[in-house]
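1. structure, please.
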Amino acid sequence: MKKNLTWILIVAVFFAYAASTLRTKKDKSAFRLQDFASIPVVLGGRIQPLDSVARNSLLIIRNNTSVPLEGNTLDGRWGSFEELEAQGEKFFTERKWYQFTKHPKKLAPIEWLLEVGTKPELADQRYIFAINHPDLKSKYKLDEQGLDRSGLTYYRYADLGTNRESIMQDARAAGAKKSEERDQYEKAVNNLANSMVIYERLKNSFQPESTHNFAADLVEYQKLTESGRQAMMEQQAGQEFDETVFNKFFQFARVYAFMGEMAYPLIIPPPSGDHDRDHWQNVGSALLETARTDKIHPVVPIFAGMTTGYQNSKAADFNAAVVDYKNWMQQQGFEQELRKGRSELYFNNFAPFKTSIAIYIFAFLLIVAYLIVPSPTLWNASFALVGLSFIIHSSGLIFRMVLEGRPPVTNLYSSAVFIGWGTVVIGMIIERVWKNGLGLLVSSFIGVVTLIIAHNLSLGGDTMEMLQAVLDTNIWLATHVVVITLGYSAMFLAGLFGIVYLFLGVFTQKLTENVSGGSTPLHKAIAKIVFGIVCFATLFSFVGTVLGGIWADQSWGRFWGWDPKENGALLIVLWCAVILHARLGGLIREKGLMVCAIFGNIITAFSWFGVNMLGIGLHSYGFMDAAFKWLMIFNATQLFCIALAFIPQEYWRSQLPGLGKAKTPGASGKARPKTA
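-> Next comes the predicted model:
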């Protein structure tokens with residue numbers, strides 16, 4: 001028991017950490033922010049809580065969901081940005097990694113969203129716009145101000161607002177070009193303009209940006225609707241009209257029409273019991289209808305009570321309006337939408353993939369330590385942590401499936417999450433068979449990398465967006481997409497085992513050591529593992545490609561059309577076939593098998609990401625030209641690893657017997673030499 005106590009304690013700490021993420025988040029202020037955050041709205045064609053609107057907007061604008069309120073000056077003084085700016089400072093830095101005693105105040109995403117919607121003059125002072133292109137900074141004279149965070153610089157809307165028209169003009173010029181023809185400045189200004197527009201739309205989503213008491217304005221507007229409409233009709237007919245009433249009513253109508261055009265999420269539900277997402281409205285559109293019908297939608301005054309209460313720091317008024325809204329939704333039969341809002345809010349706070357990353361990293365470090373200094377404690381702790389992280393990873397996948405009502409893979413983001421999951425499954429099975437640590441090494445490593453890739457893909461906004469019509473078929477998403485994605489997982493796993501083989505062979509003597517508890521040398525064990533994984537990848541890639549052809553035949557009327565994505569899938573199948581034939585035919589041995597497996601990483605990455613960057617074809621649902629640089633860097637790392645195989649054997653630390661003497665039975669039954 002004493003021998004197990006250390007690794008049990010390590011696992012217990014991470015289990016407690018994971019369990020803490022399951023708790024329902026509590027409000028830290030008098031405002032019922034969590035209840036407000038769960039309010040369902042429609043954005044991107046789907047029901048989602050206001051919390052998701054806030055988080056996804058911040059991801060697009062700021063590339064993260066934290067809005068800091070405190071930081072350092074260049075000379076190291078700490079304080080709130082307002083206080084430091086009052087002292088003449090213009091440039092700040094966020095908390096440094098070594099400032100362990102500093103716990104800066106931050107706005108939660110939902111607090112930021114409320115501030116943008118009700119206190120825009122305060123929100124304009126927050127450092128949320130990421131600008132890092134030097135020409136963009138120079139043109140708008142931003143070099144000597146801003147907030148630095150690990151080399152990234154953030155600016156306020158107040159810093160940019162005076163240059164808005166120039167920014168939009170440059171963005172329109174950039175938008176007129178094809179994406180692949182834009183230079184880095186044009187891409188940067190286009191992203192900035194998009195962020196500014198989203199921010200401005202959020203400002204006008206709950207109430208007019210210029211109002212200081214929306215609830216009182218609504219009362220006055222409702223009183224004016226009948227007389228104001230009459231005055232407008234008389235004015236248009238060239239008759240005498242009440243100019244005072246006309247001007248007041250026209251001013252309201254102009255402001256609400258602007259809201260109708262600008263508002264970001266649709267927050268006004270349709271009539272009782274109507275669950276059609278297309279029938280939701282924004283506040284501005286609902287109020288314009290009031291001018292025609294004299295009836296104001298019952299939810300609009302409730303939202304006005306929330307915004308006015310928060311704007312005036314009256315928690316009781318805000319909380320009462322939130323409760324009224326929830327009660328109204330329940331009475332009108334919108335329990336399904338309320339439940340969706342609560343569930344997705346819980347998922348956002350749970351953040352399973354973020355938790356999994358932290359645990360995968362620690363498990364990876366432990367298994368690396370085990371490979372250096374073999375210890376059952378390290379192995380047990382790493383295996384248990386990978387298992388714990390896998391459970392959390394799986395719970396996140398299942399939770400997303402339930403929220404979306406879809407199979408696990410629907411877009412590039414979910415494919416990254418699922419590829420990592422599939423790799424961990426295969427890696428843990430391999431580890432249970434061989435128990436040499438390599439299965440844990442590769443599964444924890446790919447688990448971390450794929451979830452980090454998924455996080456970066458989430459910076460584009462909502463990761464649960466509605467699918468294009470051709471993808472809106474659950475049976476094919478559950479078969480073709482899942483099967484072929486498992487093929488991706490297997491190819492990456494085989495390639496990583498190939499990398500491990502070459503690094504262990506060149507830099508250590510471990511390849512010649514026997515696998516723990518057996519007489520099989522490690523190099524032979526890895527060769528068997530890679531060959532088996534390639535067989536698995538061949539099967540799943542082939543079956544997935546055929547299923548895709550059947551789906552294409554049903555959707556587009558042809559089984560195969562030489563679409564870039566189809567060609568990418570075919571390349572994986574063909575490369576797997578080449579590897580298997582070359583290995584079974586004796587054309588390659590262990591080292592050649594590893595080189596081919598690593599090159600398979602390049603082919604798989606092209607099929608997964610590269611074809612999307614072409615921006616052509618029926619399958620380009622996740623076009624991401626920004627990932628081109630990272631794809632090229634990844635390919636360069638794989639070519640570097642392949643180059644290790646060409647280091648002469650005498651320079652390897654692991655002197656493998658007969659590495660260059662492949663023998664296979666010839667026609668006469670005698671062994672004949674083959675190339676390595």
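
2. need the nearest residue in space to residue 308, chain neighbours excluded.
-> residue 215 (4.3 Å; Cβ to Cβ, 6 or more residues apart in numbering). Where you see a C-beta, it was placed from the backbone N, CA and C, and this is true even at glycine.

3. which pLDDT value goes with that neighbour?
-> Looking at residue 215, its pLDDT is 95.

4. which element is it on?
-> helix 214-236 (DSSP states H and E).

5. what packs against the helix or strand that that helix is followed by?
-> Scanning forward in sequence from helix 214-236 by DSSP H and E, the next helix or strand is helix 243-262. Judged by 3 or more Cβ pairs under 8 Å, 6 or more residues apart in numbering; DSSP states H and E, the packing partners of helix 243-262 are helix 184-203, helix 214-236, helix 283-293.

6. in CSV, list those along with mean neighbour count and distance to residue 361.
-> Below are those laid out as CSV (neighbours: other Cβ atoms under 10 Å; distance: least, Cβ to Cβ, whole Å):
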stretch, mean neighbour count, distance to residue 361
helix 184-203, 19, 30
helix 214-236, 17, 47
helix 283-293, 19, 44
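
7. among those helices, which comes closest to residue 654?
-> Evaluated over the helices and strands packed on helix 243-262, closeness to residue 654 peaks at helix 184-203, with 44.5 Å, by Cβ to Cβ.

8. what's next to the closest one, contact-wise?
-> Helix 184-203 has contacts (Cβ atoms under 8 Å, 6 or more residues apart in numbering) with 57, 60-61, 113, 116-117, 120, 123, 128-133, 135-136, 157, 160, 164, 167-168, 170-171, 173-175, 177, 182, 209, 262-264, 626.

9. what's the angle between it and helix 243-262?
-> Counting by axes from the mean of the first three to the mean of the last three Cα atoms, to 10 degrees, helix 184-203 lies at 130 degrees to helix 243-262.

10. now helix 184-203: average pLDDT?
-> 95.

11. and if you look at stretch 435-453?
-> Stretch 435-453 comes out at a mean pLDDT of 95.

12. starting at the chain centroid, how far to that stretch?
-> Centre-to-centre, stretch 435-453 and its host chain are 20 Å apart (Cα atoms, centre = their mean, to the nearest Å).

13. stretch 389-401 now?
-> 15 Å.

14. return that stretch as CSV; C-alpha atoms alone will do.
-> Extracted in CSV, the C-alpha atoms of stretch 389-401 (Å, rounded to 0.1, in the frame of the first residue of the first chain):
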residue,chain,number,x,y,z
SER,A,389,-8.4,13.0,-18.5
PHE,A,390,-9.9,10.6,-21.1
ILE,A,391,-13.1,10.3,-19.0
ILE,A,392,-13.4,14.1,-18.9
HIS,A,393,-12.5,14.4,-22.6
SER,A,394,-15.3,11.8,-23.3
SER,A,395,-17.8,13.6,-21.1
GLY,A,396,-17.1,16.8,-23.1
LEU,A,397,-17.7,15.0,-26.4
ILE,A,398,-21.0,13.4,-25.1
PHE,A,399,-22.2,16.7,-23.6
ARG,A,400,-21.6,18.5,-27.0
MET,A,401,-23.4,15.7,-28.8
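
15. quick check: buried residues in that stretch?
-> 389, 390, 392, 393, 394, 395, 396, 397, 399, 400, 401 (16 or more other Cβ atoms under 10 Å).

16. now stretch 120-140
-> Applying 16+ other Cβ under 10 Å to stretch 120-140 flags 120, 123-131, 133, 136-137, 140 as buried.

17. next one: stretch 143-151
-> Going by neighbour count (16+ other Cβ under 10 Å), the buried part of stretch 143-151 is 145, 146, 147, 148, 149.

18. what mean pLDDT does whichever strand or helix holds residue 364 have?
-> Per DSSP H and E: residue 364 is located in helix 352-372. For helix 352-372, the mean per-residue pLDDT is 96.

19. following element in sequence after that helix, please.
-> Counting by DSSP H and E, what follows helix 352-372 is helix 376-404.

20. quick one, domains of this structure?
-> With domains defined by automatic domain parsing, the chain comprises 1-21+352-460, 40-203, 214-262+267-342, 467-676.

21. enumerate every residue touching residue 320.
-> 305, 309 are the contacts of residue 320 under Cβ under 8 Å, 6+ apart.

22. again but with residue 639, I slipped
-> residue 602.

23. go through the helices and strands packed on helix 243-262 and name the closest to residue 607.
-> Per Cβ to Cβ, nearest to residue 607 of the helices and strands packed on helix 243-262: helix 184-203, 25.0 Å.

24. let's have the buried residues of stretch 143-151 in CSV, adding pLDDT and distance to residue 380.
-> Below are those laid out as CSV (pLDDT from 0 to 100; distance: Cβ to Cβ, whole Å):
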residue, pLDDT, distance to residue 380
145, 92, 53
146, 95, 48
147, 96, 44
148, 95, 43
149, 92, 38
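
25. so which of those sit within strands?
-> Of the positions in those, 146, 147, 148, 149 sit in strands, assigned by DSSP state E.

26. closest to residue 7 among the buried residues of stretch 120-140?
-> Nearest to residue 7 among the buried residues of stretch 120-140, with distances taken as Cβ to Cβ, is residue 130, at 41.6 Å.

27. was I right about the closest one contacting residue 151?
-> No. Judged on Cβ atoms under 8 Å, residue 130 makes no contact with residue 151 at a distance of 11.1 Å.

28. tell me the contacts of residue 232?
-> Residue 232 neighbours (Cβ under 8 Å, 6+ apart): 241, 246, 249, 250.

29. next, the contact list for residue 15, please.
-> residue 388.

30. which SSE is it in?
-> Using DSSP H and E, residue 15 falls in helix 2-20.

31. what angle separates that helix from helix 376-404?
-> 20 degrees.

32. so which bits of helix 2-20 are buried?
-> Buried residues in helix 2-20 (16+ other Cβ under 10 Å): 7, 10, 11, 14, 15, 18.

33. for the fourth one, which non-adjacent residue is spatially closest?
-> Right, residue 14. Nearest one to residue 14, counting by Cβ to Cβ, 6+ apart, is residue 359 at 5.4 Å.

34. quick one on the thing from earlier: what angle separates the helix holding residue 364 from helix 2-20?
-> 160 degrees.

35. which parts of the protein are strands?
-> With DSSP E as the criterion, the chain has strands spanning 40-43, 46-49, 67-68, 70-73, 78-80, 91-93, 106-107, 129-130, 146-149, 152-155, 662-665, 671-674.

36. nearest to residue 651, out of those?
-> Per Cβ to Cβ, nearest to residue 651 of the strands of the chain: strand 662-665, 20.5 Å.

37. now the closest one: average pLDDT?
-> What strand 662-665 shows for mean pLDDT is 40.

38. equivalent analysis for stretch 651-658, please.
-> 85.

39. buried set for it?
-> Buried-residue list, stretch 651-658, by 16+ other Cβ under 10 Å: 652, 654, 656.

40. rewinding a little: let's have the contacts of residue 232 in a markdown table, adding pLDDT.
-> Output for those, formatted as a markdown table (pLDDT from 0 to 100):
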| residue | pLDDT |
| --- | --- |
| 241 | 91 |
| 246 | 93 |
| 249 | 92 |
| 250 | 92 |
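
41. which of those residues count as buried?
-> 241, 246, 249.

42. need those residues in JSON lines (columns: distance to residue 186).
-> Output for the buried ones among the contacts of residue 232, formatted as JSON lines (distance: Cβ to Cβ, whole Å):
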{"residue": "241", "distance to residue 186": "50"}
{"residue": "246", "distance to residue 186": "46"}
{"residue": "249", "distance to residue 186": "44"}
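
43. out of the residues you listed, flag the one nearest to residue 39.
-> residue 249 (30.0 Å).

44. need the contact list for that closest one.
-> Counting by Cβ under 8 Å, 6+ apart, residue 249 has contacts 224, 225, 227, 228, 229, 231, 232, 291.

45. pLDDT score for the fifth one?
-> It stands for residue 229. Looking at residue 229, the pLDDT reads 88.

46. mind checking how far the closest residue to it other than its chain neighbours is from residue 328?
-> Take residue 229 and drop its neighbours on the chain: the residue closest to it by Cβ to Cβ, 6+ apart is residue 291, 6.0 Å away. For residue 291, the distance to residue 328 equals 23 Å [Cβ to Cβ, to the nearest Å].
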